[in-house]
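J.: Here is a sequence together with a model predicted from it:
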Amino acid sequence: MTAAHQLILQTSLNTEYYTDPQIVEAARRVMGGIDLDPASSSIANQTVQAARFFSASEHQITGISDDGLPVYYIHWGGLLEEWHGRVWMNHPFGAPERQCSPNCSKRACQRRGFHLAAPQPGNNHWIQKLVDDYNAGRISQACCITWASTSEAWFQPLYSGLMCFLVPRTGYLLPDGTKKPGATKGSVVTYFGPYWKSFMREFSSLGVFPNHKLLDGPCYNHE
């Protein structure tokens, strides 16, 4: 689910897509380390090297639907935990998904081969928690990677941070280290914290900074 990792299409509920290590390493240099990765796995953390990480539990089968597909309960993982310190986040990308009805006929369920016993979180849940916890002082610094979906409602809270739009379009990695083809959008890394000069220095070779002239805002305390 995260750093060196993340989900390209959440409708599959396959979250084992990882971030390019050079992006994670740049974030680590900016923040001086990573205390927490809230959406990770043991494999992902070999790259992220967070002091702590949260991962979702295994899917639990709660029954069989009328169409013969299993019904899974999937834990919300790190969203239910407390976040503190320096955070790297590469959350499962996608929109929230409602709990399936008894006669569910969603094409997404047919493609992935199971139904949902409970609602699933989306981009908005992960992004809002990150920004809220930073504003509350629980998170001291954060770097997160997302799709560059600049017009989407879930993306709007990120505008209070400093963004690096990755160029060229970054690919995501499979657990075996091979690159997953077919990234359909560009990605952006957003930084929250006081060390904006370090962020621009470390990410200058990885992308562009469209809001670099707005550095007098409350997020950008001078180093």
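T.: Thanks, I have it.
J.: Tell me which residues of stretch 185-205 come out buried.
T.: 186-193, 195-196, 198-200, 202-203 (16 or more other CB atoms under 10 Å). Every C-beta, even on glycine, is put in place using the N, C-alpha and C of the backbone.
J.: try stretch 75-88
T.: Neighbour count says stretch 75-88 has 77, 78, 79, 83, 85, 86, 87, 88 buried, by 16+ other CB under 10 Å.
J.: do the same with stretch 40-59
T.: For stretch 40-59, the neighbour count (16+ other CB under 10 Å) marks 40-41, 44-45, 47-50, 52-56 as buried.
J.: mind putting these in JSON lines, distance to residue 167 and pLDDT included?
T.: Below are the buried residues of stretch 40-59 laid out as JSON lines (distance: CB to CB, whole Å; pLDDT from 0 to 100):
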{"residue": "40", "distance to residue 167": "26", "pLDDT": "87"}
{"residue": "41", "distance to residue 167": "28", "pLDDT": "85"}
{"residue": "44", "distance to residue 167": "24", "pLDDT": "86"}
{"residue": "45", "distance to residue 167": "27", "pLDDT": "90"}
{"residue": "47", "distance to residue 167": "22", "pLDDT": "90"}
{"residue": "48", "distance to residue 167": "23", "pLDDT": "93"}
{"residue": "49", "distance to residue 167": "26", "pLDDT": "95"}
{"residue": "50", "distance to residue 167": "26", "pLDDT": "97"}
{"residue": "52", "distance to residue 167": "32", "pLDDT": "96"}
{"residue": "53", "distance to residue 167": "28", "pLDDT": "94"}
{"residue": "54", "distance to residue 167": "31", "pLDDT": "92"}
{"residue": "55", "distance to residue 167": "31", "pLDDT": "85"}
{"residue": "56", "distance to residue 167": "31", "pLDDT": "71"}
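J.: Which pair in those residues has the greatest spatial separation?
T.: Distance extremes for the buried residues of stretch 40-59: the farthest pair is 49 and 56 at 20.1 Å, using CB to CB.
J.: longest helix anywhere in the protein?
T.: If you go by DSSP state H, the chain has its longest helix at helix 123-135.
J.: And the next helix or strand past that helix?
T.: As assigned by DSSP states H and E, the chain's next helix or strand after helix 123-135 is strand 139-147.
J.: Does anything pack onto that following strand? Which helices or strands?
T.: helix 21-31, strand 85-89, helix 123-135, strand 187-192 (3 or more CB pairs under 8 Å, 6 or more residues apart in numbering; DSSP states H and E).
J.: What is the three-state secondary structure of the residue of the chain positioned farthest from its centre?
T.: Using CA atoms, centre = their mean, the residue of the chain lying farthest from its centre is residue 66. It sits 33.8 Å away. At residue 66 the chain is in coil, as set by DSSP: H, G, I helix; E, B strand; the rest coil.
J.: Could you check how far it is from residue 36?
T.: 42 Å (CB to CB, to the nearest Å).
J.: just residue 168 next, same as before
T.: For residue 168 relative to residue 36 (CB to CB), the value is 29 Å.
J.: so what pLDDT did the closest residue to residue 161 other than its chain neighbours get?
T.: In space, and not counting its chain neighbours, residue 161 is closest to residue 190: 4.2 Å by CB to CB, 6 or more residues apart in numbering. With respect to pLDDT, residue 190 scores 97.
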